[in-house]
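Colleague: Quick check, what structure comes out for this input:
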Amino acid sequence: MKLFKNDNDKINMEEVNEVVSLSKKILHLFYIAMVIGMVLIITIIAREWGVWKFLFSLLSVLSPFFIGFIIAWLLNPVVTKLEEKKIPRALGAVIVYAFFLLIAILFIRFLIPTIYTQIEALIKNLPAIFTEIEKIITNLFSRLNGFDAFDFNATKDGILSTLTNSVNNFFTTLPTMLVNIVGTLFSSLVTITFGLVIGIYILMDFNSINGHLLKLVPKKNRFEISLLITNISTEVRKSVNGTFLVALMVFVCDSFGFWVIGLQGPLLFGLLCGITDLIPYIGPYIGGIIAAIIGFSQGPIVGIMTIIVAFIVQMLENNILQPIIMSKTTKLHPVTIIVGLLIFEHFFGIIGMILATPCIALVKVVWKFFKEKYNLFHENDLVIDELGK
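Modeller: Have a look, this model is predicted:
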């Protein structure tokens, strides 16, 4: 690279600017690597010192507040629109909250008893279902015995042994499991009740709370922090609302399809497919595979039809629901989402996989804010005129 022109001592300004720009990019990469290293070090130290355990315990104690805040955050745009129509905020909050509670009560009143009945019937039929699964596995491996290169009998015995142990463990631990579920539901009901009470108070005074929090920020930074909070709220809300709406449509379509083909517990497995659909990319297949297993236990036709229904609903989601409902949602590269799923699953399990996409959307907004604020990876258009004189 030549810094001087051909036959004189004048500096080639284009080459100088290229060197300066490249140096800045390398420096920015170094800063990013340093930040990532610091985050990893802090994470490891926090884990060794038990900080994460303390934070999770604190979050568990404060969970009613977070439940109330999330409910108020989701309902705030509707209350704000009512406020713009000259309806007092307190009255608008009560109206929206009452409608929200009505929907929740109707959901519990009509859906939960039906799902409970289907679970009860499914548990009674589990021995017959597992017997059918054993027959399917035995017939499958009996057709593979013609291949001498592999011992299929040992594989079959291992699968059947695992299946039998799983059935025995399930029925052995079922009473304890039911007691734990009832205790968890009661504890969750108390937590959710407190969260609902907190949520109505937060919703009534949501904007004021936001203003009070901004007062903790220095005056010179309040505007940009306020803009950052608004962008985070907008992007994450779009992601959450779109994801839940798509999952609801998947639940309805799968439940109807499973009911038409005669699958046992159509609402139960439709709900399972809707919940697992909250996990991007791999979630729909989890619910579909479980439903297909139960379908094949009823017969080959039901099993095949279950796969067809799950496939059709998945195609409907990918080609219609996602483009229409999620068209304005945060745009994230599939690789970014998959990496986020792996990381969140490692630390937080299934719940982490559900929360991965909103959290990644939040990180994206914060990263974009700092990139624009500190001019990261932007070309430097300044020309050092003094060096060329």
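
Colleague: all strands of the stretch 151-300 of the chain, in order?
Modeller: Taking DSSP state E, counting those that start in this stretch as the criterion, the stretch 151-300 of the chain carries no strands.

Colleague: Low-confidence bits of it, can you list those?
Modeller: Across the stretch 151-300 of the chain, the ranges flagged by pLDDT under 70 are 151-152, 174, 178, 182, 280-281.

Colleague: residue boundaries of the helices in it?
Modeller: In the stretch 151-300 of the chain, the helices defined using DSSP state H, counting those that start in this stretch lie at 152-204, 206-214, 219-261, 266-276, 283-298, 300-316.

Colleague: Can you get me a residue count around A361?
Modeller: By the criterion of other C-beta atoms under 10 Å, A361 has 24 neighbours. Backbone N, C-alpha and C define where each C-beta goes, glycine included.

Colleague: Helix or strand: which one has it?
Modeller: Using DSSP states H and E, the secondary-structure element containing A361 is helix 334-373.

Colleague: tell me what the helix ranked longest in the chain is packed against?
Modeller: With secondary structure taken from DSSP state H, the chain has its longest helix at helix 89-144. With contacts taken as 3 or more C-beta pairs under 8 Å, 6 or more residues apart in numbering; DSSP states H and E, helix 89-144 sits against helix 63-84, helix 152-204, helix 266-276, helix 283-298.

Colleague: what's the closest of those helices to K215?
Modeller: helix 152-204 (17.3 Å; C-beta to C-beta).

Colleague: That closest one: how far from the chain's middle?
Modeller: 20 Å (C-alpha atoms, centre = their mean, to the nearest Å).

Colleague: Same check on stretch 99-109?
Modeller: Per C-alpha atoms, centre = their mean, the centroid offset for stretch 99-109 relative to its chain is 23 Å.

Colleague: Can you list the buried residues in it?
Modeller: Buried positions in stretch 99-109, judged by neighbour count with 16 or more other C-beta atoms under 10 Å: F100.

Colleague: Show me the contact partners of that stretch.
Modeller: I71, L75, L196 (C-beta atoms under 8 Å, 6 or more residues apart in numbering).

Colleague: make it 7 Å
Modeller: Outside stretch 99-109, the residues that touch it by C-beta atoms under 7 Å, 6 or more residues apart in numbering are L75.

Colleague: tell me the mean pLDDT over that stretch?
Modeller: The pLDDT scores in stretch 99-109 average 85.

Colleague: residues contacting M353?
Modeller: By C-beta under 7 Å, 6+ apart, the neighbours of M353 are I279, L341, F344, E345.

Colleague: Give me the neighbour count for L263.
Modeller: 24.

Colleague: Would you confirm that it contacts I307?
Modeller: No - the criterion here is C-beta atoms under 7 Å, and L263 misses it with I307 at 11.0 Å.

Colleague: follow-up on the earlier one: tell me the most buried of the helices of the stretch 151-300 of the chain?
Modeller: helix 266-276 (a mean of 23; mean count of other C-beta atoms under 10 Å).

Colleague: Helix 89-144 and that one, what's the angle between them?
Modeller: What separates the directions of helix 266-276 and helix 89-144 is an angle of 100 degrees, with axes from the mean of the first three to the mean of the last three C-alpha atoms, to 10 degrees.

Colleague: could you dump stretch 194-207 to PDB, C-alpha only?
Modeller: Presented in PDB, the C-alpha positions along stretch 194-207 are these (Å, rounded to 0.1, in the frame of the first residue of the first chain):
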ATOM      1  CA  PHE A 194     -50.800 -11.000  43.800                       C
ATOM      2  CA  GLY A 195     -49.300 -10.300  40.300                       C
ATOM      3  CA  LEU A 196     -52.800  -9.300  39.000                       C
ATOM      4  CA  VAL A 197     -53.400  -7.000  41.900                       C
ATOM      5  CA  ILE A 198     -50.000  -5.300  41.400                       C
ATOM      6  CA  GLY A 199     -50.600  -5.200  37.700                       C
ATOM      7  CA  ILE A 200     -53.700  -3.000  37.900                       C
ATOM      8  CA  TYR A 201     -51.900  -0.400  40.000                       C
ATOM      9  CA  ILE A 202     -48.900  -0.400  37.700                       C
ATOM     10  CA  LEU A 203     -51.200  -0.100  34.600                       C
ATOM     11  CA  MET A 204     -53.000   2.900  36.100                       C
ATOM     12  CA  ASP A 205     -49.800   4.800  36.700                       C
ATOM     13  CA  PHE A 206     -47.600   3.200  34.000                       C
ATOM     14  CA  ASN A 207     -46.300   6.400  32.400                       C
END
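
Colleague: What are the contacting residues of it?
Modeller: In contact with stretch 194-207 (C-beta under 7 Å, 6+ apart) are residues 64-65, 67-69, 71-72, 75-76, 79, 89-90, 93, 97, 209.

Colleague: among those, who's most crowded?
Modeller: A93 (26 neighbours).

Colleague: need the contact list for it.
Modeller: Applying C-beta under 7 Å, 6+ apart, the residues contacting A93 are V79, I200, L203, M204.

Colleague: any idea how far I360 is from W367?
Modeller: Distance, W367 to I360, using C-beta to C-beta, to the nearest Å: 10 Å.

Colleague: Between the two, point out the one with more neighbours.
Modeller: The neighbour count for W367 versus I360, taken as other C-beta under 10 Å, is higher for I360 (23 against 12).
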